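1. here is my input, please return the structure:
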Amino acid sequence: MRFFQWEVFGFFFVFFLGALLHTVYEWSDGNPIVGALTPVNESIWEHLKMVFLSGVVLLVLEVIFCKEIRIPALILGKTLGKYIMCSTILGGLYLYTLFIHHVMIVDILLMAIAVAFGQLVSCFVSSRLEVGRTVAILY
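-> You can find the predicted model right below:
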């Protein structure tokens with residue numbers, strides 16, 4: 001697959017794996033190690049773990065299988081994408097709860113928007129970043 005296709009796949013991967021992670025703690029019968037990595041309740045911190053962990057898994061897959069983008073550029077793009085996802089979820093949640101109480105469909109839409117925005121930033125940065133000589137030597 002080409003890099004852009006990986007990023008489109010990544011949207012669905014992060015969104016659906018993140019949603020699946022929401023139930024893994026219950027499936028593990030309250031395992032504390034699983035709880036450190038996956039959501040254990042409905043707090044905002046737990047929702048950030050959903051996009052962060054699934055995004056890290058996507059990064060590992062792209063490093064292994066996507067040879068089109070140099071690894072330093074990919075890591076920087078993915079890191080910025082994760083920051084964007086988490087910031088969008090935090091900002092969006094606190095903004096909309098100023099006006100209305102938590103609504104599950106709005107939370108789901110917010111996560112989809114955050115993942116889409118983060119993947120766009122990741123794709124843009126990773127594909128356009130020129131790896132400098134210092135980084136290229138280390139690579």
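
2. low-confidence ranges in this protein?
-> Of all residues in the chain, those with pLDDT under 70 make up the ranges 131-139.

3. what ranges do the helices span in it?
-> Taking DSSP state H as the test, the helices found in the chain are 3-27, 32-37, 44-65, 71-96, 104-128, 133-138.

4. switch those helices over to CSV; also include mean neighbour count.
-> In this view, the C-beta of every residue, glycine as well, is placed from N, C-alpha and C. Formatted as CSV, the helices of the chain follow (neighbours: other C-beta atoms under 10 Å):
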stretch, mean neighbour count
helix 3-27, 17
helix 32-37, 12
helix 44-65, 18
helix 71-96, 18
helix 104-128, 18
helix 133-138, 10
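
5. contacting residues for residue 33?
-> By C-beta atoms under 8 Å, 6 or more residues apart in numbering, the contact set of residue 33 is empty.

6. how near is it to residue 81?
-> 26 Å (C-beta to C-beta, to the nearest Å).

7. same check on residue 21?
-> 18 Å.

8. swap in residue 52?
-> 11 Å.

9. again with residue 110
-> Distance, residue 110 to residue 81, by C-beta to C-beta: 16 Å.

10. verify the stated contact: residue 50 with residue 24.
-> No. Counting by C-beta atoms under 8 Å, residue 50 does not reach residue 24; the two are 10.0 Å apart.

11. what sits in contact with each of these two?
-> Common neighbours of residue 50 and residue 24 (C-beta under 8 Å, 6+ apart) are residue 38.
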